[in-house]
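Engineer: sequence-free structure coming up:
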(Lines give C-alpha, C1' and ligand atoms only; values in the text may rest on other atoms or scores of the structure.)
Protein backbone atom coordinates (compact mmCIF):
# COMPACT_ATOMS: atom_id res chain seq x y z
CA UNK A 1 0.00 0.00 0.00
CA UNK A 2 1.01 3.65 -0.36
CA UNK A 3 1.85 5.73 2.71
CA UNK A 4 2.90 9.39 3.07
CA UNK A 5 6.03 10.08 5.11
CA UNK A 6 7.68 13.22 6.43
CA UNK A 7 11.30 12.70 5.33
CA UNK A 8 12.68 16.04 6.50
CA UNK A 9 11.65 19.66 7.06
CA UNK A 10 9.11 20.49 4.35
CA UNK A 11 9.91 17.16 2.70
CA UNK A 12 7.22 14.55 2.06
CA UNK A 13 7.30 11.33 0.04
CA UNK A 14 4.82 8.61 -0.87
CA UNK A 15 6.35 5.21 -0.16
CA UNK A 16 5.26 1.61 -0.55
CA UNK A 17 4.71 -0.35 2.67
CA UNK A 18 3.03 -3.69 3.49
CA UNK A 19 -0.67 -3.46 4.30
CA UNK A 20 -1.00 -3.75 8.11
CA UNK A 21 -2.55 -6.88 9.61
CA UNK A 22 -4.85 -7.11 12.61
CA UNK A 23 -2.92 -8.05 15.74
CA UNK A 24 -5.45 -7.22 18.48
CA UNK A 25 -8.91 -8.71 18.81
CA UNK A 26 -10.54 -5.31 19.29
CA UNK A 27 -9.04 -3.63 16.22
CA UNK A 28 -10.31 -3.08 12.70
CA UNK A 29 -8.51 -2.66 9.41
CA UNK A 30 -9.66 0.65 7.99
CA UNK A 31 -9.38 1.74 4.38
CA UNK A 32 -8.70 5.46 4.59
CA UNK A 33 -10.83 7.49 2.20
CA UNK A 34 -10.15 11.11 3.17
CA UNK A 35 -7.71 12.99 5.41
CA UNK A 36 -7.68 16.66 6.37
CA UNK A 37 -4.43 18.61 6.69
CA UNK A 38 -4.40 20.04 10.23
CA UNK A 39 -2.46 22.99 11.59
CA UNK A 40 -0.68 20.66 14.02
CA UNK A 41 0.48 18.58 11.03
CA UNK A 42 1.95 21.76 9.59
CA UNK A 43 3.95 22.41 12.77
CA UNK A 44 5.60 19.01 12.27
CA UNK A 45 6.01 19.63 8.52
CA UNK A 46 7.69 23.05 8.79
CA UNK A 47 9.40 22.80 12.18
CA UNK A 48 9.66 19.12 13.00
CA UNK A 49 8.09 19.48 16.43
CA UNK A 50 5.34 20.75 18.70
CA UNK A 51 6.93 21.61 22.02
CA UNK A 52 8.60 18.46 23.33
CA UNK A 53 7.06 16.25 20.65
CA UNK A 54 9.84 15.95 18.06
CA UNK A 55 9.64 13.99 14.80
CA UNK A 56 12.24 11.35 13.98
CA UNK A 57 12.30 11.22 10.18
CA UNK A 58 10.91 9.39 8.33
CA UNK A 59 7.55 9.67 10.11
CA UNK A 60 3.96 8.98 9.09
CA UNK A 61 1.44 11.78 9.36
CA UNK A 62 -2.19 12.83 9.57
CA UNK A 63 -5.07 12.29 12.00
CA UNK A 64 -8.24 13.97 10.68
CA UNK A 65 -9.69 11.08 8.71
CA UNK A 66 -12.65 9.00 7.63
CA UNK A 67 -12.71 5.56 6.09
CA UNK A 68 -14.42 2.26 5.39
CA UNK A 69 -14.07 -0.86 7.53
CA UNK A 70 -12.19 -3.49 5.52
CA UNK A 71 -11.76 -6.18 8.19
CA UNK A 72 -12.76 -6.63 11.84
CA UNK A 73 -10.93 -8.42 14.63
CA UNK A 74 -12.58 -11.36 16.38
CA UNK A 75 -13.48 -9.26 19.39
CA UNK A 76 -15.29 -6.54 17.43
CA UNK A 77 -19.10 -6.63 17.56
CA UNK A 78 -19.88 -2.92 17.05
CA UNK A 79 -18.73 -2.64 13.42
CA UNK A 80 -19.12 -4.63 10.22
CA UNK A 81 -17.12 -4.79 7.00
CA UNK A 82 -18.20 -2.05 4.60
CA UNK A 83 -19.33 0.44 7.26
CA UNK A 84 -18.25 4.04 6.70
CA UNK A 85 -16.88 5.70 9.80
CA UNK A 86 -15.55 8.95 11.21
CA UNK A 87 -12.49 8.50 13.38
CA UNK A 88 -11.49 9.76 16.81
CA UNK A 89 -7.69 9.75 16.36
CA UNK A 90 -7.00 9.44 20.12
CA UNK A 91 -6.67 5.86 21.35
CA UNK A 92 -6.80 5.66 25.15
CA UNK A 93 -5.97 2.79 27.51
CA UNK A 94 -9.23 2.87 29.48
CA UNK A 95 -7.42 1.90 32.68
CA UNK A 96 -5.36 4.85 33.99
CA UNK A 97 -6.49 7.51 36.45
CA UNK A 98 -7.33 9.92 33.63
CA UNK A 99 -9.49 7.43 31.76
CA UNK A 100 -11.27 6.43 34.97
CA UNK A 101 -11.93 10.12 35.68
CA UNK A 102 -13.61 10.59 32.30
CA UNK A 103 -10.58 12.31 30.76
CA UNK A 104 -9.67 9.80 28.05
CA UNK A 105 -8.11 12.60 25.98
CA UNK A 106 -5.39 13.05 28.62
CA UNK A 107 -4.84 9.32 29.02
CA UNK A 108 -1.43 8.51 30.48
CA UNK A 109 -0.84 5.99 27.68
CA UNK A 110 -2.54 7.93 24.88
CA UNK A 111 -1.76 6.89 21.32
CA UNK A 112 -2.66 9.57 18.77
CA UNK A 113 -2.63 9.05 15.02
CA UNK A 114 0.37 10.69 13.37
CA UNK A 115 1.91 11.86 16.64
CA UNK A 116 5.67 11.23 17.13
CA UNK A 117 6.30 7.95 18.94
CA UNK A 118 2.60 7.10 19.12
CA UNK A 119 0.22 5.67 16.48
CA UNK A 120 0.91 5.59 12.71
CA UNK A 121 -0.45 8.47 10.67
CA UNK A 122 -3.64 8.32 8.62
CA UNK A 123 -2.28 9.47 5.24
CA UNK A 124 -2.07 5.84 4.18
CA UNK A 125 -4.29 3.54 2.18
CA UNK A 126 -4.94 1.36 5.26
CA UNK A 127 -4.44 1.60 9.02
CA UNK A 128 -5.38 -0.62 11.95
CA UNK A 129 -7.15 1.10 14.81
CA UNK A 130 -9.25 0.27 17.86
CA UNK A 131 -12.90 -0.26 17.00
CA UNK A 132 -13.82 2.19 19.78
CA UNK A 133 -12.22 4.98 17.75
CA UNK A 134 -14.54 4.38 14.78
CA UNK A 135 -17.98 6.00 14.67
CA UNK A 136 -20.47 4.90 11.99
CA UNK A 137 -21.84 7.74 9.90
CA UNK A 138 -25.25 7.97 8.22
CA UNK A 139 -25.65 7.32 4.51
CA UNK A 140 -26.40 11.00 3.98
CA UNK A 141 -22.97 12.09 5.19
CA UNK A 142 -20.06 12.49 2.78
CA UNK A 143 -16.56 11.31 3.62
CA UNK A 144 -15.34 14.91 3.54
CA UNK A 145 -17.97 15.84 6.13
CA UNK A 146 -16.93 12.84 8.22
CA UNK A 147 -13.33 14.03 8.11
CA UNK A 148 -14.38 17.48 9.31
CA UNK A 149 -16.10 15.87 12.30
CA UNK A 150 -12.71 15.82 14.05
CA UNK A 151 -12.06 19.60 14.08
CA UNK A 152 -15.75 20.21 14.84
CA UNK A 153 -15.44 17.95 17.88
CA UNK A 154 -12.62 20.19 19.13
CA UNK A 155 -14.97 23.17 18.85
CA UNK A 156 -17.68 21.34 20.76
CA UNK A 157 -15.22 20.40 23.51
CA UNK A 158 -14.06 24.01 23.82
CA UNK A 159 -17.64 25.28 24.13
CA UNK A 160 -18.41 22.69 26.80
CA UNK A 161 -15.30 23.56 28.80
CA UNK A 162 -16.11 27.27 28.73
CA UNK A 163 -19.52 26.58 30.36
CA UNK A 164 -21.06 29.26 28.17
CA UNK A 165 -24.60 30.53 28.54
CA UNK A 166 -26.77 31.32 25.50
CA UNK A 167 -27.27 34.95 24.62
CA UNK A 168 -23.81 36.17 25.58
CA UNK A 169 -21.00 37.76 23.58
CA UNK A 170 -18.16 35.60 22.30
CA UNK A 171 -14.89 36.38 20.54
CA UNK A 172 -13.07 33.97 18.22
CA UNK A 173 -9.59 35.19 17.36
CA UNK A 174 -8.36 33.25 14.34
CA UNK A 175 -10.73 31.96 11.65
CA UNK A 176 -8.84 28.93 10.45
CA UNK A 177 -10.46 25.48 10.49
CA UNK A 178 -10.55 25.29 14.29
CA UNK A 179 -11.83 28.85 14.73
CA UNK A 180 -14.56 28.26 12.15
CA UNK A 181 -15.41 24.92 13.75
CA UNK A 182 -15.73 26.72 17.06
CA UNK A 183 -18.00 29.29 15.44
CA UNK A 184 -20.23 26.48 14.16
CA UNK A 185 -20.25 24.82 17.57
CA UNK A 186 -21.22 28.07 19.31
CA UNK A 187 -24.06 28.61 16.85
CA UNK A 188 -25.39 25.09 17.26
CA UNK A 189 -24.97 24.64 21.01
CA UNK A 190 -25.00 28.08 22.60
CA UNK A 191 -26.29 30.85 20.30
CA UNK A 192 -24.43 34.05 21.15
CA UNK A 193 -23.31 37.27 19.52
CA UNK A 194 -20.03 36.34 17.82
CA UNK A 195 -17.01 38.53 16.99
CA UNK A 196 -14.42 36.95 14.72
CA UNK A 197 -10.99 38.26 13.70
CA UNK A 198 -8.39 36.98 11.25
CA UNK A 199 -5.62 38.30 9.02
CA UNK A 200 -7.21 36.90 5.85
CA UNK A 201 -10.33 38.33 4.23
CA UNK A 202 -11.35 35.02 2.66
CA UNK A 203 -11.46 33.33 6.06
CA UNK A 204 -13.56 36.15 7.44
CA UNK A 205 -15.87 35.72 4.46
CA UNK A 206 -16.34 32.09 5.50
CA UNK A 207 -16.94 33.26 9.06
CA UNK A 208 -19.82 35.45 7.80
CA UNK A 209 -21.14 32.45 5.85
CA UNK A 210 -21.00 30.53 9.15
CA UNK A 211 -23.15 33.25 10.78
CA UNK A 212 -20.56 35.43 12.52
CA UNK A 213 -22.17 38.68 13.65
CA UNK A 214 -19.03 40.83 13.35
CA UNK A 215 -15.72 40.35 11.53
CA UNK A 216 -12.51 42.36 11.45
CA UNK A 217 -8.89 42.27 10.27
CA UNK A 218 -6.53 43.36 13.10
CA UNK A 219 -4.01 44.91 10.70
CA UNK A 220 -6.68 47.15 9.15
CA UNK A 221 -8.42 48.41 12.27
CA UNK A 222 -8.26 48.49 16.06
CA UNK A 223 -10.37 45.38 16.55
CA UNK A 224 -10.30 45.63 20.35
CA UNK A 225 -11.65 49.18 20.38
CA UNK A 226 -14.22 48.43 17.70
CA UNK A 227 -15.53 45.31 19.45
CA UNK A 228 -15.73 47.12 22.78
CA UNK A 229 -17.81 49.82 21.09
CA UNK A 230 -20.28 47.05 20.23
CA UNK A 231 -19.99 45.40 23.65
CA UNK A 232 -18.88 48.12 26.12
CA UNK A 233 -18.87 45.74 29.08
CA UNK A 234 -16.58 43.28 27.36
CA UNK A 235 -17.05 39.74 26.08
CA UNK A 236 -18.13 36.78 28.18
CA UNK A 237 -15.74 34.38 26.49
CA UNK A 238 -12.89 34.63 23.98
CA UNK A 239 -11.44 31.63 22.17
CA UNK A 240 -7.86 32.27 21.04
CA UNK A 241 -7.40 30.07 17.97
CA UNK A 242 -4.33 31.60 16.34
CA UNK A 243 -1.63 30.67 18.85
CA UNK A 244 -0.10 34.15 18.66
CA UNK A 245 1.00 36.52 21.41
CA UNK A 246 -0.86 39.49 19.95
CA UNK A 247 -4.19 37.68 19.89
CA UNK A 248 -3.66 36.47 23.45
CA UNK A 249 -3.14 40.11 24.49
CA UNK A 250 -6.26 41.16 22.57
CA UNK A 251 -8.28 38.45 24.29
CA UNK A 252 -7.36 39.73 27.76
CA UNK A 253 -8.39 43.26 26.76
CA UNK A 254 -11.68 42.08 25.27
CA UNK A 255 -12.89 39.99 28.21
CA UNK A 256 -15.23 41.30 30.86
CA UNK A 257 -14.41 40.69 34.53
CA UNK A 258 -15.01 37.03 35.32
CA UNK A 259 -14.70 36.11 31.63
CA UNK A 260 -13.22 32.94 30.18
CA UNK A 261 -10.22 32.78 27.87
CA UNK A 262 -10.19 29.51 25.94
CA UNK A 263 -6.66 28.66 24.84
CA UNK A 264 -7.25 26.65 21.67
CA UNK A 265 -4.48 27.68 19.26
CA UNK A 266 -1.04 26.05 19.39
CA UNK A 267 1.76 28.64 19.74
CA UNK A 268 4.97 28.03 17.79
CA UNK A 269 7.14 28.91 20.79
CA UNK A 270 7.37 27.14 24.13
CA UNK A 271 6.14 30.07 26.24
CA UNK A 272 3.43 32.74 26.16
CA UNK A 273 3.04 35.85 28.33
CA UNK A 274 0.17 37.61 30.05
CA UNK A 275 -0.17 40.89 31.91
CA UNK A 276 -0.78 39.44 35.35
CA UNK A 277 -2.42 42.61 36.68
CA UNK A 278 -5.13 42.41 34.02
CA UNK A 279 -5.72 38.71 34.66
CA UNK A 280 -5.95 39.29 38.42
CA UNK A 281 -8.06 42.43 38.44
CA UNK A 282 -10.57 40.96 36.03
CA UNK A 283 -10.31 37.54 37.73
CA UNK A 284 -10.20 35.88 34.33
CA UNK A 285 -10.37 32.12 33.94
CA UNK A 286 -7.83 30.53 31.60
CA UNK A 287 -9.13 27.31 30.09
CA UNK A 288 -6.71 25.19 28.09
CA UNK A 289 -8.36 23.06 25.39
CA UNK A 290 -6.69 19.74 24.66
CA UNK A 291 -8.12 18.25 21.47
CA UNK A 292 -11.55 16.82 22.38
CA UNK A 293 -13.14 14.44 24.84
CA UNK A 294 -16.16 12.29 23.94
CA UNK A 295 -17.49 14.80 21.41
CA UNK A 296 -17.20 12.77 18.18
CA UNK A 297 -20.77 11.46 18.20
CA UNK A 298 -22.11 14.91 19.06
CA UNK A 299 -20.22 16.34 16.08
CA UNK A 300 -21.61 13.64 13.76
CA UNK A 301 -25.13 14.41 14.98
CA UNK A 302 -24.72 18.16 14.40
CA UNK A 303 -23.46 17.63 10.86
CA UNK A 304 -26.06 14.99 10.01
CA UNK A 305 -28.91 17.18 11.28
CA UNK A 306 -27.71 20.23 9.37
CA UNK A 307 -27.14 22.19 12.58
CA UNK A 308 -23.45 22.58 11.66
CA UNK A 309 -22.63 23.09 7.98
CA UNK A 310 -18.98 22.09 7.68
CA UNK A 311 -18.91 21.98 3.87
CA UNK A 312 -17.56 25.54 3.39
CA UNK A 313 -14.41 24.63 5.36
CA UNK A 314 -13.16 22.15 2.73
CA UNK A 315 -11.70 24.56 0.19
CA UNK A 316 -9.11 22.40 -1.61
CA UNK A 317 -8.92 18.75 -2.65
CA UNK A 318 -5.93 16.58 -3.59
CA UNK A 319 -5.15 12.99 -4.47
CA UNK A 320 -2.69 11.00 -2.37
CA UNK A 321 0.06 11.51 -4.95
CA UNK A 322 -0.28 15.28 -4.46
CA UNK A 323 -0.01 15.22 -0.66
CA UNK A 324 3.10 17.42 -0.64
CA UNK A 325 1.28 20.05 -2.67
CA UNK A 326 -1.53 19.97 -0.10
CA UNK A 327 0.91 20.48 2.78
CA UNK A 328 2.78 23.27 0.99
CA UNK A 329 -0.49 25.04 0.22
CA UNK A 330 -1.59 24.99 3.86
CA UNK A 331 1.86 25.85 5.21
CA UNK A 332 2.05 28.91 2.96
CA UNK A 333 -1.60 30.00 3.38
CA UNK A 334 -1.81 29.97 -0.42
CA UNK A 335 -4.79 30.34 -2.73
CA UNK A 336 -7.23 31.15 0.07
CA UNK A 337 -6.93 27.68 1.59
CA UNK A 338 -8.80 26.90 4.78
CA UNK A 339 -8.90 23.11 4.84
CA UNK A 340 -7.12 20.90 2.32
CA UNK A 341 -8.55 17.40 1.96
CA UNK A 342 -6.44 14.50 0.70
CA UNK A 343 -8.52 11.84 -1.05
CA UNK A 344 -6.51 8.73 -0.29
CA UNK A 345 -8.72 6.16 -2.01
CA UNK A 346 -9.20 7.38 -5.57
CA UNK A 347 -7.90 10.50 -7.26
CA UNK A 348 -8.85 14.14 -6.87
CA UNK A 349 -7.75 16.79 -9.32
CA UNK A 350 -9.82 19.53 -7.68
CA UNK A 351 -7.21 21.77 -6.08
CA UNK A 352 -9.46 24.73 -5.49
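Structural biologist: Here it is on my side, so go on. What you see is a predicted model; the values in this text were computed from it and never measured.
Engineer: any chance you could map the helices in this protein?
Structural biologist: Listed in chain order, the helices of the chain (DSSP state H) span residues 39-47, 97-100, 143-162, 177-189, 201-209, 223-230, 245-254, 276-282, 296-305, 323-331.
Engineer: got a list of what the nearest residue to residue 48 once chain neighbours are set aside touches?
Structural biologist: Of all residues not flanking residue 48 in the chain, residue 55 sits nearest, at 4.9 Å (CB to CB, 6 or more residues apart in numbering). All C-beta atoms are positioned from the backbone trio N, CA, C, and that covers glycine. By CB atoms under 8 Å, 6 or more residues apart in numbering, the residues touching residue 55 are 6, 44, 48, 49, 116.
Engineer: number of nearby residues for the residue nearest to residue 301 when sequence neighbours are not counted?
Structural biologist: Leaving aside its sequence neighbours, residue 301 sits nearest to residue 307 (CB to CB, 6+ apart; 8.0 Å). Neighbour count for residue 307, taken as other CB atoms under 10 Å: 13.
Engineer: can I see the domain layout of this structure?
Structural biologist: With domains defined by automatic domain parsing, the chain comprises 2-136+310-343, 151-288.
Engineer: need those domains in TSV (columns: mean pLDDT and distance to residue 303).
Structural biologist: As requested, the domains of the chain are exported to TSV (pLDDT from 0 to 100; distance: least, CB to CB, whole Å):
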stretch	mean pLDDT	distance to residue 303
domain 2-136+310-343	96	6
domain 151-288	96	7
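Engineer: what would those look like in TSV with distance to residue 295?
Structural biologist: As requested, these are arranged in TSV below (distance: least, CB to CB, whole Å):
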stretch	distance to residue 295
domain 2-136+310-343	9
domain 151-288	4
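Engineer: wait, which of these is closest to residue 145?
Structural biologist: Shortest separation from residue 145 across these is recorded for domain 2-136+310-343, at 5.7 Å, computed as CB to CB.
Engineer: end to end on the closest one, go ahead and measure it.
Structural biologist: Between the opening and closing residues of domain 2-136+310-343 we find a distance of 13 Å, counting by CA to CA, to the nearest Å.
Engineer: next: stretch 47-58.
Structural biologist: According to CA to CA, stretch 47-58 extends 14 Å from its N-terminal end residue to its C-terminal end residue.
Engineer: would you mark the buried spots in it?
Structural biologist: Within stretch 47-58, the residues scored as buried using 16 or more other CB atoms under 10 Å are 48, 50, 55, 58.
Engineer: any idea which of the domains of the chain gets closest to residue 144?
Structural biologist: Residue 144 lies closest, by CB to CB, to one member of the domains of the chain: domain 2-136+310-343, at 5.1 Å.
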